[in-house]
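here are the coordinates; sequence isn't available:
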């Protein structure tokens, strides 16, 4: 039995020697890896500092350029929108309110020039409600269509009930 223990002990000693022989280069390689990672971290931090400095130094110009970058698209949008017949009709409708305001202002000036007490009411301005008007009109049309459908259902019911035979 001692020979078996001696064999295992010899094998352990041999493996330990091999491990010590390899552990030196492994430790050196691990140290080199850590040094490379540390150096990369330092380079990344330096690059981040350079980038951040560039952002701080140029943000105003870049923000202004970004803010103005949509101007041409906005103009194209308004040009295309103005070409739409429904939009032209809506503009005409909204212009009527402005026209009323001009008439009231002219009448107020005339009364003032004549030294009369102003009896002309002040112009009442309303917010532009294009989207609300569209939704309101769509709801009204949808209610009309639903009422037509309801009438069709009632007519079918009445026809069924009233049929003879």
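Yep, it's here. Please read all numbers here as calculations on a predicted model, not as lab measurements.

would you map the helices across the protein?
2-68, 71-82, 85-113, 130-162 (DSSP state H).

same list (these) but as JSON lines, adding mean neighbour count, distance to residue 122 and mean pLDDT.
The way it works is simple: take the backbone N, C-alpha and C, and place the C-beta from them, glycine included. Below are those laid out as JSON lines (neighbours: other CB atoms under 10 Å; distance: least, CB to CB, whole Å; pLDDT from 0 to 100):
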{"stretch": "helix 2-68", "mean neighbour count": "10", "distance to residue 122": "37", "mean pLDDT": "89"}
{"stretch": "helix 71-82", "mean neighbour count": "10", "distance to residue 122": "31", "mean pLDDT": "91"}
{"stretch": "helix 85-113", "mean neighbour count": "12", "distance to residue 122": "8", "mean pLDDT": "91"}
{"stretch": "helix 130-162", "mean neighbour count": "10", "distance to residue 122": "24", "mean pLDDT": "92"}
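
using CSV, lay out the ones you listed together with distance to residue 121.
Shown next, in CSV, are the helices of the chain (distance: least, CB to CB, whole Å):
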stretch, distance to residue 121
helix 2-68, 41
helix 71-82, 32
helix 85-113, 7
helix 130-162, 24
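
quick check: phi and psi at residue 115.
Phi and psi for residue 115, reported as degrees, to the nearest 10, are phi 80, psi 20.

and it, how many neighbours?
6 (other CB atoms under 10 Å).

give me phi/psi at residue 124?
phi -100, psi 120.

and it, how many residues sit next to it?
Using other CB under 10 Å, residue 124 is surrounded by 9 other residues.

number the chain from 28, please
Understood, numbering begins at 28; the last thing we discussed is residue 151.

any idea how far residue 124 is from it?
9 Å (CB to CB, to the nearest Å).

cool, residue 152 as well?
Residue 152 is 8 Å from residue 124, by CB to CB.

and what of residue 162?
20 Å.

residue 146 is nearest to which of the helices of the chain?
helix 112-140 (6.8 Å; CB to CB).
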